[in-house]
Structure formats: C-alpha cells, structure tokens
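**Q** Let me see the structure of the following:
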Amino acid sequence: MGARGAPLPALLVAVVAAALLVSAAAVEDSTMLDNIQPLSTLRMDAARVMMDAGSVIHASPELLGQNGEDSAWVTVNFTTPAPTADHWIALFSPADFDLIMGGKQSSSRTNAAGEDEAPAGLPMAPIKYKFANISPSFMSSGSGSTSFLLINQRYDYAFGLFSGGKDNPKLVAISNKIAFANPKAPVFPRLSQGKEWNEMAVTWTSGYNIDEAYPFVKWRMKGEDNAKRTPANTLTFTRGHLCGKPANAEGYRDPGFIHTAFLKNLWPNREYSYQIGHELLDGTKVWGKSSTFRASPSPGQASLQRVVVFGDMGLGQSDGSNELAGFQPGAQVTTDRLIKDLPNYDAVFHIGDLSYANGFLAQWDQFTAQISPIASSVPYMVASGNHERTSQDTGGFYNGNDSHGECGVPAETYFYAPAENRGKFWYAADYGMFRFCVGDTEHDWRPGTEQHAFLDACFAAADRKHQPWLVFAAHRPLGYSSNDFYAREGSFSEPMGRSLQPLWQKHRVDLAVYGHVHNYERTCPVYENTCTAGGGGGGGKNQGAYSGVLGGTIHVVAGTGGAKLRGYAGGEWPQWSVARNESYGYVKLTARDHSRLGFEFIRSDDGAVLDAFTITRDYKDVLACTVDACDPHTLAN
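**A** Coordinates of the predicted model:
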C-alpha cells in the first residue's frame with residue numbers, strides 16, 4: 001500500500017495507467033441501461049490513485065486449483081474508514097500490469113492537487129466487480145466480506161478497492177496476488193459435431209503454445225481397453241485481428257490458445273470417454289478434466305433423438321458480480337436448467353448472441369466456463385449473431401457496432417463449427433433423423449449469394465425418407481415475428497422481406513428457429529402470411545397437433561436464453577401467430593421415429609412445458625405438392 005509520495009507498486013501504477021480505460025463500448029442511451037455491458041459503465045478514464053493507509057483489502061486463499069480445479073471461490077475481506085455506497089471492488093488480471101504495458105516501469109507523478117497519479121498507459125478493464133455494500137455490515141462498520149468465483153484464465157489476479165462510484169473511481173487499496181497452481185492448464189472442453197456425422201470435435205483453451213507443449217485428446221469407446229491419442233490444431237488471435245474498441249483497446253485480454261482435435265470414425269450411439277491434455281517438451285503430460293459423450297446416430301437412424309435450440313443467453317454470474325441482473329438476467333437460470341436436464345437431450349444449438357462480451361474479451365473465458373458442464377457432454381453447436389459479428393464496414397451484411405469491435409473473431413475462434421469457412425458461419429449438421437441447415441444472418445442470404453446457394457443445396461441434400469425432419473436455424477428472424485421492431489418495419493420480417501421463403505417451401509422445411517428477439521413466439525405452418533394448417537391469431541386457436549401435409553413452415557422465435565425479455569407489438573395478433581410467451585427457456589425437439597416429431601418450449605425457472613405440439617405424417621406427405629412446393633410442369637402433365 002504506499003503512502004502519499006511513495007513509489008507505487010507496479011499494479012497500482014498500471015491500474016491508474018489503466019485509468020485511461022475509456023468508458024468501454026460507446027455510451028448508449030441512458031434509458032436503456034439493460035442493453036449496456038456492465039463493464040462499459042466503469043469510467044476508468046476518470047480514475048485516480050488515492051491510496052488510503054486505513055483501507056485494506058485481502059483475498060484468500062492465495063493459491064488455487066492445487067488439485068486440478070479450473071475454478072475456485074475466493075473470499076475477499078475489505079476495510080475502509082469512511083464507507084459509502086460508492087465503494088466497489090474490482091478483479092484485475094494479470095496482477096502485474098507491467099506485462100500489459102510491455103514491461104515498462106513507470107514512476108508516479110503528482111497532479112495540481114498534490115495527488116499521486118500514474119502516467120497514461122495501455123488501458124485494461126477489470127474482469128468483474130461488485131459494490132462493497134453487497135456485504136451487509138459494510139455501511140455500518142466499514143468492514144465487509146464477499147466471495148468471488150474465479151476461473152483459471154492463464155494469469156494471476158489482484159483485487160482493487162475503489163471509492164467514488166463508477167463515474168469518479170479512486171483506488172484506495174489493492175490486495176495480495178492470487179493465482180492458480182498451473183495457470184496454463186487446459187480448461188473448459190467443448191464438443192461440436194465435425195464435418196462428418198461420425199466425427200466429434202473437441203475444443204479447449206490453454207496457456208500452452210505449440211512451441212512448449214503438444215495438445216492432444218486421449219479417448220476410448222466404453223468397454224475398450226486401449227485408448228487412442230489424437231493431436232489437436234492450435235489457433236489464437238491478437239489485437240490486430242479485432243475491428244475496434246473496446247475489443248482492441250480497454251476490453252482486450254490475451255485469449256490464450258484454442259485447440260481443436262477431431263475424433264473420427266465414431267460408432268453411432270456409442271459412449272466414449274475422453275480427456276484433454278498437453279505433452280511438454282520433456283515428455284511430462286498435463287491433463288485437463290475427463291468427460292464422456294455419446295456419438296451421434298447415423299443419418300436416418302431411428303432412435304430417441306432430442307435436440308435443444310435457443311438463442312441470446314449471455315453470461316451469468318453465480319457470485320453476484322457485474323450487475324448482470326439487468327444485462328442477462330436469465331442466463332444463469334437457463335444454464336442451471338440445462339445442466340439439470342442434461343440426461344434428457346443429446347445436442348444443443350445456441351443460435352447466436354452467445355456471451356454478450358461486447359468487446360470485453362475476458363468474458364469469453366467466463367462464458368466457456370459457464371457452459372462447460374453442458375458443452376463437455378453434448379455437442380454445443382453455435383450460430384453467429386449480431387453481438388458476435390456486426391461491426392462497421394467489416395464485410396458483414398449489417399453495419400453498426402453490436403459486436404463492439406469483435407467482428408466475429410473471438411466467437412469463431414473459441415468455438416468450432418463445421419463450416420467450410422468460419423468467417424462465413426453457415427453449415428449443415430446431421431443428427432439421426434434431423435438435418436439442420438444453420439444460416440449466418442450477419443452475411444447476405446438473398447438469391448444470387450453464396451449463402452443462398454449453400455442453403456438451397458443443404459435443404460436439397462436431406463433424404464426425407466430417412467431424415468424427415470428438416471430444420472432451418474439462424475440468429476435474426478428471417479421469417480415471422482410480431483416483436484414491435486418488426487411491426488414498425490411493416491413486414492414482420494427483416495428489411496428486405498422473406499427472401500428465403502421460396503426455398504423453405506420448395507424443400508418443405510418443417511421448422512425455422514430464430515433468436516435475436518428476446519421472447520418466444522410460434523406460428524402456424526405458414527406460407528406468404530397465410531396459415532396452411534391450423535388456426536392462428538391467439539384466441540384459443542392454438543393447434544397442438546398437426547398431421548399429414550403441412551403446406552408451409554412453422555416459424556419459432558426462441559431468443560429466450562437469458563438476455564432481458566421483450567414484448568410484442570400492440571394491437572391484434574397476426575393470424576399466423578399461434579403462441580407467445582415472455583419467459584426464459586429453450587426449445588426441445590424430440591424424434592422417436594420417422595413419422596412423429598415432438599416440440600416443447602421449456603421454461604428455465606422450473607422446467608415447465610409452456611407450449612407444445614406434435615407433427616405426425618408419412619413419407620408420402622412430404623412428397624405431396626402444395627403451393628409452390630413442386631415444379632409446375634412434369635411429364636405426367
């Protein structure tokens with residue numbers, strides 16, 4: 001702790017050198033605080049070092065993960081002589097900011113008021129924060145205690161105690177350093193289906209580059225004695241890959257190294273165990289956690305197959321940090337429900353707006369830790385959303401700054417998807433009786449584009465005798481939603497209209513599922529605004545079972561993973577809208593055979609089924625001609 005005029009410790013110098021942290025993402029409308037990444041509300045550009053000899057902060061234990069744990073609870077005790085509601089605690093990493101400042105040592109200087117300051121330096125945001133009065137005794141006694149959940153993020157940590165609130169922060173005390181026993185350890189494995197149905201990709205993060213350790217996966221089929229070892233490739237990215245602030249400035253944090261191994265020639269439906277690891281140059285092996293998964297059924301195979309779909313989850317914080325109650329209030333609830341429900345589904349499709357890091361890259365590690373119990377056990381397939389990709393003038397379909405400088409780079413690196421080019425995040429995935437064609441709404445999909453041609457071919461490649469259930473999934477609603485934004489568009493669709501509708505009709509796509517809109521809505525089977533089966537418009541016409549020829553596609557909005565919920569346009573329901581709900585939750589699709597599909601919308605809070613329907617049909621129903629579904633002329637004509 002230094003007295004006034006004494007040299008400041010390196011971290012203190014850097015925290016206030018890091019005080020040139022501009023207020024993260026560009027400040028948005030103050031009336032929409034729930035849309036702002038909480039870290040961006042910390043005005044670190046106004047921060048000052050004002051060390052107070054009477055203020056103390058201490059964290060324990062100092063050494064974490066001694067038994068290989070990749071996360072640990074840390075107790076933080078703090079004291080200050082004049083407590084206020086504006087005191088807060090921030091977690092910084094690395095603890096020695098000289099690493100971030102390129103190794104330069106800087107001396108303090110004195111401002112006109114006689115207060116010590118650190119010189120300007122490379123800005124860096126804290127990873128998370130809490131207000132000190134989260135501890136009930138703080139306001140009365142000046143002393144408090146709270147707990148933070150830390151994950152292994154490759155560097156050591158220290159906590160800072162600030163006064164002055166978020167707008168005028170003053171650093172008054174800094175804690176001891178704490179660290180994981182092996183900060184470089186491989187962590188948070190996440191599965192995804194490979195480009196072949198019998199291939200599983202295993203992706204994880206570590207601090208080991210390939211010049212110091214060889215990444216691999218050890219795996220075996222249940223019942224086998226001998227394990228295989230499969231090498232992994234390694235990717236990373238730097239500031240130069242990112243498109244703007246805060247991602248390439250105060251929000252940047254070294255992402256470590258992301259490794260992916262491909263486990264090939266899997267037996268359908270067989271259970272496998274696996275463990276991620278690294279072999280050091282001296283032959284020593286460093287292991288991550290082991291886990292199990294069940295291989296995908298072969299395309300067309302009839303068995304119990306259950307797939308979860310949702311969008312727009314974000315980052316929860318089980319330790320109560322970062323004021324996420326207003327940012328992604330349902331993220332932890334949905335995550336907890338999915339963990340509890342793990343025995344009852346086989347794969348996940350998270351269709352965009354994954355972490356809502358919004359340019360604060362440490363949040364990506366936090367997100368992979370959050371979903372690790374799920375993603376390490378079942379394929380966790382992702383799509384690209386506006387909060388992953390959209391950046392001004394960076395080649396996407398939309399301009400804007402929804403990704404806050406990320407322009408897709410973190411999402412496309414931290415997660416594997418079986419796309420030919422992960423910068424163009426569209427791909428096909430076969431899971432037994434399902435074929436999923438996943439679109440990338442951040443790139444143009446209209447007729448004549450590369451993506452349109454891909455989707456046409458993806459739909460056409462489904463053998464409907466054996467893969468009867470054809471699903472289109474993408475982030476932004478390209479079909480039907482009665483959210484007020486689309487109502488103002490006057491079209492209930494993205495601005496250029498439903499230009500994929502001829503493809504859905506031609507190929508008899510059963511379901512189209514979207515995120516982006518933070519509510520739940522289901523349509524009747526619909527084509528060109530008209531219900532082709534069942535009634536609509538709410539009012540008791542919600543059909544729970546369809547049979548035979550649908551004649552259109554059922555569109556579902558499920559942007560209900562965790563981000564703040566939104567309402568619907570006023571006035572009468574459109575006649576095609578048959579079910580709505582403002583709850584956090586996810587869609588579950590269940591196929592038991594080739595003729596029956598079950599659909600449920602499950603509430604995260606309690607697992608209750610809030611909406612459900614079934615489709616029952618034979619193969620001949622798929623072949624039947626409906627409006628614009630068959631060629632107008634045949635030899636029979």
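
**Q** how's this structure carved up into domains?
**A** In the domain annotation for the chain, the residue ranges read 39-106+116-180, 187-623 (the TED database).

**Q** so for the longest one, what's the average pLDDT?
**A** The one in question is domain 187-623. Model confidence over domain 187-623 averages 94 on the pLDDT scale.

**Q** What is the neighbour count of the closest residue to Phe131 other than its chain neighbours?
**A** Of all residues not flanking Phe131 in the chain, Trp88 sits nearest, at 4.8 Å (C-beta to C-beta, 6 or more residues apart in numbering). In this view, the C-beta of every residue, glycine as well, is placed from N, C-alpha and C. Trp88 is flanked by 21 other residues according to other C-beta atoms under 10 Å.

**Q** Likewise for Gly598?
**A** Other residues near Gly598 come to 15 when the count uses other C-beta under 10 Å.

**Q** quick one: contacts for the closest residue to His241 other than its chain neighbours?
**A** In space, and not counting its chain neighbours, His241 is closest to Val409: 4.9 Å by C-beta to C-beta, 6+ apart. For Val409, the contact set (C-beta atoms under 8 Å, 6 or more residues apart in numbering) comprises Phe237, His241, Leu242, Cys243, Ala247.

**Q** Dihedrals phi and psi, Val409?
**A** Its backbone dihedrals place Val409 at phi -60, psi -50, with angles given as degrees, to the nearest 10.

**Q** Then Ala362?
**A** Its backbone dihedrals place Ala362 at phi -60, psi -20, with angles given as degrees, to the nearest 10.

**Q** measure it to Gly251 for me?
**A** Separation of Ala362 from Gly251 (C-beta to C-beta, to the nearest Å): 8 Å.

**Q** Which residue of these two possesses the greater neighbour count?
**A** It is Gly251, of Ala362 and Gly251, that has more neighbours when counted by other C-beta under 10 Å, with 29 against 23.

**Q** pretty sure the more buried one is touching Pro410, no?
**A** No - counting by C-beta atoms under 8 Å, Gly251 does not reach Pro410; the two are 10.4 Å apart.

**Q** shared neighbours of those two, anything?
**A** Common neighbours of Gly251 and Pro410 are listed as Ala357, Leu361 (criterion: C-beta under 8 Å, 6+ apart).

**Q** How far does stretch 195-215 stretch from one end to the other?
**A** The straight-line separation of the ends of stretch 195-215 (C-alpha to C-alpha, to the nearest Å) is 21 Å.

**Q** meant to ask about stretch 51-59, not that
**A** The straight-line separation of the ends of stretch 51-59 (C-alpha to C-alpha) is 18 Å.

**Q** in that stretch, what counts as buried?
**A** Neighbour-count burial for stretch 51-59, with 16 or more other C-beta atoms under 10 Å as criterion, is recorded at Met51, Asp52, Ser55, Val56, Ile57, Ala59.

**Q** residue contacts, the third one?
**A** Ser55 makes contacts with Met1, Phe78, Thr79, Thr80, Pro81, Leu161, Val172, Ala173, as judged by C-beta under 8 Å, 6+ apart.

**Q** Look up how far Gly432 lies from the residue nearest to Ala82 when sequence neighbours are not counted.
**A** Of all residues beyond its chain neighbours, the one nearest Ala82 is Gly142 (7.2 Å), with distances taken as C-beta to C-beta, 6+ apart. When distances are taken as C-beta to C-beta, Gly142 and Gly432 turn out to be 61 Å apart.

**Q** Looking at these two, which one has more neighbours?
**A** Comparing Gly142 with Gly432 by other C-beta under 10 Å, the one with more neighbours is Gly432, at 25 against 18.

**Q** Quick check: buried residues in stretch 132-143?
**A** Here stretch 132-143 shows Ala132, Asn133, Ile134, Ser135, Phe138, Gly142 as buried, counting by 16+ other C-beta under 10 Å.

**Q** Please report how far the fifth one lies from Leu39.
**A** Spelled out, it's Phe138. Separation of Phe138 from Leu39 (C-beta to C-beta): 22 Å.

**Q** Repeat that for the first one.
**A** With the distance defined as C-beta to C-beta, Ala132 ends up 18 Å from Leu39.

**Q** Which stretches in the stretch 201-350 of the chain count as helices?
**A** Assigned helices in the stretch 201-350 of the chain, in chain order: 331-340 (criterion: DSSP state H, counting those that start in this stretch).

**Q** Next: the chain.
**A** Taking DSSP state H as the test, the helices found in the chain are 10-17, 138-141, 331-340, 362-375, 386-389, 409-414, 450-460, 484-489, 501-506, 619-623.

**Q** Residues contacting the second one, please?
**A** Defining contact as C-beta under 8 Å, 6+ apart, one finds that helix 138-141 is touched by Phe78, Pro83, Ala85, His87, Ala132, Asn133, Gly144.

**Q** now it: mean pLDDT?
**A** When pLDDT is averaged along helix 138-141, the result is 97.

**Q** roughly how far is it from the heart of the chain?
**A** The gap between the average C-alpha position of helix 138-141 and the chain average comes to 37 Å, counting by C-alpha atoms, centre = their mean, to the nearest Å.

**Q** Can you check the distance spanned by stretch 319-329, start to finish?
**A** Distance between the two ends of stretch 319-329: 13 Å, counting by C-alpha to C-alpha.

**Q** which residues are contacting it?
**A** If you take C-beta under 8 Å, 6+ apart as the criterion, stretch 319-329 is touched by 33-39, 41, 73, 91, 128-130, 134, 146-149, 313-317, 331, 356, 562-564.

**Q** Which among the residues you listed count as buried?
**A** 36-39, 41, 91, 128-130, 134, 146-149, 313-317, 331, 356, 562-564.

**Q** what about Leu263, distance to Val333?
**A** 32 Å.

**Q** right, I mislabeled it, should have said Phe138
**A** Relative to Val333, Phe138 is positioned 27 Å away (criterion: C-beta to C-beta).

**Q** Ok, Phe148 next?
**A** Remark: distance between Phe148 and Val333 (C-beta to C-beta) = 20 Å.

**Q** Ok, Ala461 next?
**A** Looking at Ala461 against Val333, where the rule is C-beta to C-beta, the gap reads 37 Å.

**Q** neighbour-wise, which of those two wins?
**A** Counting neighbours by other C-beta under 10 Å for Ala461 and for Val333 shows that Val333 has the greater number, 19 against 14.

**Q** quick one, what contacts the nearest residue to the more buried one once chain neighbours are set aside?
**A** Nearest-residue entry for Val333: Ser604, 4.6 Å, with adjacent residues in sequence omitted and distances by C-beta to C-beta, 6+ apart. For Ser604, the contacting residues are Gly330, Val333, Thr334, Asp336, Arg337, Thr560, Ser583, Tyr584, Gly585, Tyr586, by C-beta under 8 Å, 6+ apart.

**Q** Is there a quick ChimeraX command that grabs whichever of the residues you listed are buried?
**A** The following ChimeraX command selects only the buried members of the contacts of Ser604, with burial defined by 16+ other C-beta under 10 Å:
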select :330,333,334,336,337,560,583,584,585,586
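
**Q** What is the burial count for Asn344?
**A** Tallying neighbours of Asn344 according to other C-beta under 10 Å, which is how burial is gauged here, yields 13.

**Q** That should have said Ala453, apologies.
**A** The local packing count at Ala453 equals 11, with neighbours defined by other C-beta under 10 Å.

**Q** what do you get for Ala460?
**A** Burial measure for Ala460: 11 neighbouring residues, criterion other C-beta under 10 Å.

**Q** ok, now Asp463?
**A** 11.

**Q** Now it: phi and psi?
**A** Note on Asp463: its backbone torsions stand at phi -80, psi 100 [degrees, to the nearest 10].
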